[in-house]
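Student: Need a 3D model of the following:
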Amino acid sequence: MQTCSRCNAQSADSAVICPNCGADLRELSATAMSLRRMRQSSRVLTIRLVVPDNACPACQAVEGTYPKETVPTLPVKGCSCPHGCTCFYEPMLSEIYP
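Tutor: Numbers count the residues shown, from 1 in each chain. Purely as a prediction, here's the structure:
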């Protein structure tokens with residue numbers, strides 16, 4: 001499931017447009033917004049794509065740590081998890097405190 005950052009409506013992983021407000025979920029889903037903030041932060045060195053143990057093969061194939069510019073987008077293309085893609089981003093920071 002994806003969550004729209006504008007109206008908080010949830011929609012299927014395959015949705016591109018929010019059915020409630022019409023927002024482009026490729027850019028305005030909560031996950032996409034989170035990734036954008038991580039990429040803009042100078043404290044984030046790399047981004048780890050965390051995949052649950054029970055995830056589908058498509059999700060397991062993308063697990064790992066990536067440079068900020070090359071991390072795959074979520075939901076994972078080809079995900080066949082029964083409840084939708086459950087992967088998430090984890091920033092790898094250069095420092096924990098300012």
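Student: Strands of the protein, residue ranges please.
Tutor: 2-3, 10-11, 44-50, 64-67, 88-93 (DSSP state E).
Student: where in the chain is pLDDT low?
Tutor: Within the chain, the stretches with pLDDT under 70 are 98.
Student: Now do the longest helix along it and strand 88-93, the angle between them.
Tutor: Using DSSP state H to define each element, the chain has its longest helix at helix 30-40. Calculated by axes from the mean of the first three to the mean of the last three Cα atoms, to 10 degrees, helix 30-40 forms an angle of 20 degrees with strand 88-93.
Student: Using PDB, write out the CA atom coordinates for helix 30-40.
Tutor: Extracted in PDB, the C-alpha atoms of helix 30-40 (Å, rounded to 0.1, in the frame of the first residue of the first chain):
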ATOM      1  CA  ALA A  30       5.000   9.300   1.600                       C
ATOM      2  CA  THR A  31       7.800   6.900   0.600                       C
ATOM      3  CA  ALA A  32       8.900   9.100  -2.400                       C
ATOM      4  CA  MET A  33       8.900  12.200  -0.200                       C
ATOM      5  CA  SER A  34      11.000  10.400   2.400                       C
ATOM      6  CA  LEU A  35      13.500   9.400  -0.300                       C
ATOM      7  CA  ARG A  36      13.700  12.900  -1.600                       C
ATOM      8  CA  ARG A  37      14.500  14.300   1.900                       C
ATOM      9  CA  MET A  38      17.200  11.600   2.400                       C
ATOM     10  CA  ARG A  39      18.800  12.500  -1.000                       C
ATOM     11  CA  GLN A  40      18.800  16.200  -0.100                       C
END
